[in-house]
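**Q** Sharing a sequence plus its predicted fold:
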Amino acid sequence: MLTKETTGLIIIDVQGKLARLVSHSDAVISNCAKLVKGVQALGLPIVWLEQNPDKLGRTVDELRSLLGQQQPITKFTFDGCGEPAFTAAIQATGKTSWLICGIETHICVYQTASQLQQLGYELHLLVDCVSSREQANKELAIRKLAAAGVELTSLEMCLYELVKDCRAPEFKAILNLIK
């Protein structure tokens, strides 16, 4: 079960033209924005990756504007763990459980999640906050990650799991994101 005390969010490569080319791109970007707002309302840390931004472009404005002064970690490997600044940022939070969103599910999301799991982190893939250009590749990656023990969740499911109680001070903010 997700808890605020142990959980953070990793955003992977929602950037450039590719973010607009993936399957159901508008819904995925919208859901990722809601996720960021929810995680911020809950006070959870966010670690944010960009794949070779000089070639692929920057993170989409819908997310970049929400992340304020925080800067992305640039990577060139598909697996985010290949970038020492990323693994250092993850370790520095002290969190053991990570929500994962981003693109493309079958490449950077898959490889990063697989490596983080091997490093001993508990991972929760938000199936409505990830995508690939081809729906079949997204579905394949989700199946492989689930078979490897990555937990599957959704935007609404994880936010309610984290808020736990309708009397919690964050509940109204979460409710307004979902409805």
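**A** Nice, I can see it.
**Q** now for this structure, which residue lies nearest the mean position of the chain?
**A** With distances taken as C-alpha atoms, centre = their mean, Cys101 lies nearest the centre of the chain, 2.5 Å away.
**Q** what's the spacing between the nearest residue to that one once chain neighbours are set aside and Gly68?
**A** Residue nearest to Cys101 in three dimensions, not counting chain neighbours: Cys129, with 3.6 Å by C-beta to C-beta, 6 or more residues apart in numbering. Yep, even glycine has a C-beta here, placed from its N, CA and C like the rest. Shown here: Cys129 relative to Gly68, a distance of 20 Å by C-beta to C-beta, to the nearest Å.
**Q** between these two, who's got more neighbours?
**A** Cys129 (30 against 8; other C-beta atoms under 10 Å).
**Q** Which elements pack onto the top strand by length along the chain?
**A** The strand that spans the most residues within the chain, counting by DSSP state E, is strand 122-131. With contacts defined as 3 or more C-beta pairs under 8 Å, 6 or more residues apart in numbering; DSSP states H and E, strand 122-131 has these neighbours: helix 25-42, strand 97-103, helix 110-118, helix 135-147, strand 151-153, helix 155-163.
**Q** So the residue nearest to the centre of the chain sits against Ala19, correct?
**A** No. In this structure, Cys101 is not within contact of Ala19 by C-beta atoms under 8 Å, at 11.8 Å.
**Q** Off-centre distance for stretch 170-179?
**A** Taking the mean of its C-alpha atoms, stretch 170-179 sits 19 Å from the chain's own mean (C-alpha atoms, centre = their mean, to the nearest Å).
**Q** swap that for stretch 54-70, please
**A** Per C-alpha atoms, centre = their mean, the displacement of stretch 54-70 from the mean C-alpha position of its chain is 14 Å.
**Q** again with stretch 60-78
**A** With C-alpha atoms, centre = their mean as the basis, the mean position of stretch 60-78 lies at 12 Å from the chain mean.
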